[in-house]
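Asker: fold the stuff below for me.
(2 chains)
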Amino acid sequence: MDTLSARGRAVRVAVTAVAAVLLLAGTFWGQDDDFPFGPFRMYSTAPDPDADAPDTRVEGVDTTGRTIVLTEANSGLRRAEIEGQQQAYVDDPGRLRQIAVAYAEKSPGAARLTTVRIVIRWEGIEDSRPTGESRDEVVATWTGAP
Amino acid sequence: MSRVVSWLTEPVPRGRVAAFRTLIYLFVAADLVIFTPWVRHHASTPGDLYEPLLVGRLLHLPTPTPLLVHGIFWVLLAVSLAAATGRAPRLLGWTVFALYFEWMVIAMSYGKVDHDRVGLLVALAALPTVGRARHGDPTRTEAGGWALRVTQIAVVCTYFLAALAKLRFGGIDWVTSSVLARAIIRRGTELADLIAGVPYLLILAQVGIMLFELASPAIFLLHGRWRNRAVAFFYSFHAVTFATITISFAPHLAALASFLALEKVRPVEWARGFLRRRSGHVEPHERPVV
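Answerer: Now for the predicted structure:
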């Protein structure tokens, strides 16, 4: 059998303990920014059983007037990434121009986007179940030169 | 204390480490191409949208450029495939860890952090410390035992600490909240829509998730067949999650294999044996005893 030296064992125990402490501290006081020691906060919020649910999308209007839903495939940006920076886009809608740039990079040959907007579709929820009703709200818009 | 230490370094066959190592490095290659291919899209994302994580700021990691992103992609792909053979385990192992870690910093620095890969990162950090391990070698190793144990702990933390995070961010109201209804609205499948239609079923599922996550460390009290059943239950939990809200947690699933007696899985040996028998060769134990 391969046994560890006393030193090898001590180093491993110490590394394990430090990582465990960091992970625990991240769970109680950390944020996503502390990756990989941040809290495992996927689906950890408790929205009210009767609160409408936001379903966010990003759409662009190109020079031909067509409306396109911007996805990871055609813009290289994930929806959750745009939601993660949503407040920054609301505070400074000019920032949405960057998404038009990302779209042009990712979809060469496609018509240029003249408008980019973040739309939230509020889906109705009652007793923690979807009601099937919804309404749209535009939270940020950028319009460039036509 | 000494019992905890011997539990942390409980020896396992080298063959298990070899098999787990091959699985993990093949997963890294598959992750690049199949599971999280969107990371590569950040090559064309404007630098203004890069918001580096704390670790990226501490290490002064550069703002991703197309050269950096495509460079890491191709080098990491080649090195992880080489590491899967088990050769130069320390050199190739540490290289994969460093490159994959940077790959993750790039992935998570545009406004969304994923929580499915702490187990994989721990496996990538621990495997190079084991050194050589040949497939099928029954010699037991404490260094290998530690690498698998810390991966298992990280996997269980992903459940247990997720329950604590739910209590921190959502409070006890989490179990009666509309969190699953929201998830289904955002990315639910037809199966999920069916489930959402049944009154109170989502709330029941939330109670079940909380109890399962809080109880997950109990897997360390189980042995043999019962432990395998618990692992099967963990995998089935993710199968249901994928079937309803299309979240795969793939890196976590690869790390979860650290609980299994992988040394018994010998696809290359099996293929060799099959080919030998086809060519008429008879193994000693297959000769008739007359």
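Asker: nearest residue to residue 79 other than its sequence neighbours?
Answerer: You didn't pick a chain, so chain A it is. Nearest non-adjacent residue to A:Arg79, counting by CB to CB, 6 or more residues apart in numbering or on different chains: A:Thr56, 6.3 Å away. No exception for glycine: its C-beta is placed from N, CA and C like everyone else's.
Asker: let's do chain B instead
Answerer: Nearest residue to B:Val79 in three dimensions, chain neighbours excluded: B:Thr95, at 5.1 Å (CB to CB, 6+ apart).
Asker: and that neighbour, what element?
Answerer: According to DSSP states H and E, B:Thr95 maps onto helix B:89-108.
Asker: A:Ser107 and B:Thr36, how far apart?
Answerer: Distance, A:Ser107 to B:Thr36, using CB to CB, to the nearest Å: 21 Å.
Asker: what residues does the biggest helix by length in chain A touch?
Answerer: Longest helix in chain A, counting residues (DSSP state H): helix A:6-29. Helix A:6-29 has contacts (CB atoms under 8 Å, 6 or more residues apart in numbering or on different chains) with A:4, A:34, A:37-40, B:5, B:8-9, B:118, B:122, B:129, B:142-143, B:146, B:150, B:153, B:157, B:161, B:164-165, B:168.
Asker: kindly report the same for stretch A:83-100.
Answerer: Counting by CB under 8 Å, 6+ apart, A:56, A:58, A:60, A:70, A:75, A:77, A:82, A:112-113, A:116-118, A:139-142, A:144, B:46, B:48-49, B:51, B:110-113 sit against stretch A:83-100.
Asker: can you flag which of the residues you listed belong to helices?
Answerer: Among those, the ones falling in helices (DSSP H) are A:Ser75, A:Ile82.
Asker: quick one: the strands in chain A, in order.
Answerer: Assigned by DSSP state E, the strands in chain A fall at A:53-62, A:67-69, A:113-126, A:129-143.
Asker: quick one: mean pLDDT over the longest helix of chain A.
Answerer: Average pLDDT, helix A:6-29: 96.
Asker: what's the burial count for B:Arg187?
Answerer: Residues lying near B:Arg187 (other CB atoms under 10 Å in any protein chain shown) number 14.
Asker: same thing with A:Ile125?
Answerer: By other CB under 10 Å, the residues close to A:Ile125 number 22.
Asker: then the longest helix of chain A to PDB, C-alphas only?
Answerer: C-alpha atoms of helix A:6-29 as PDB (Å, rounded to 0.1, in the frame of the first residue of the first chain):
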ATOM      1  CA  ALA A   6       3.400  12.600   8.200                       C
ATOM      2  CA  ARG A   7       4.100  15.800   6.300                       C
ATOM      3  CA  GLY A   8       2.000  14.800   3.300                       C
ATOM      4  CA  ARG A   9      -0.900  13.900   5.600                       C
ATOM      5  CA  ALA A  10      -0.600  17.200   7.600                       C
ATOM      6  CA  VAL A  11      -0.600  19.300   4.400                       C
ATOM      7  CA  ARG A  12      -3.600  17.600   3.000                       C
ATOM      8  CA  VAL A  13      -5.600  18.000   6.300                       C
ATOM      9  CA  ALA A  14      -4.600  21.700   6.400                       C
ATOM     10  CA  VAL A  15      -5.600  22.300   2.800                       C
ATOM     11  CA  THR A  16      -9.000  20.500   3.300                       C
ATOM     12  CA  ALA A  17      -9.700  22.600   6.500                       C
ATOM     13  CA  VAL A  18      -8.900  25.900   4.800                       C
ATOM     14  CA  ALA A  19     -11.000  25.100   1.800                       C
ATOM     15  CA  ALA A  20     -13.900  24.000   4.000                       C
ATOM     16  CA  VAL A  21     -13.700  27.200   6.100                       C
ATOM     17  CA  LEU A  22     -13.700  29.400   2.900                       C
ATOM     18  CA  LEU A  23     -16.600  27.500   1.500                       C
ATOM     19  CA  LEU A  24     -18.600  27.800   4.800                       C
ATOM     20  CA  ALA A  25     -17.700  31.500   5.100                       C
ATOM     21  CA  GLY A  26     -18.800  32.000   1.500                       C
ATOM     22  CA  THR A  27     -22.100  30.300   2.200                       C
ATOM     23  CA  PHE A  28     -23.000  32.500   5.100                       C
ATOM     24  CA  TRP A  29     -21.400  35.900   4.100                       C
END
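Asker: that's all I had, so thanks and see you.
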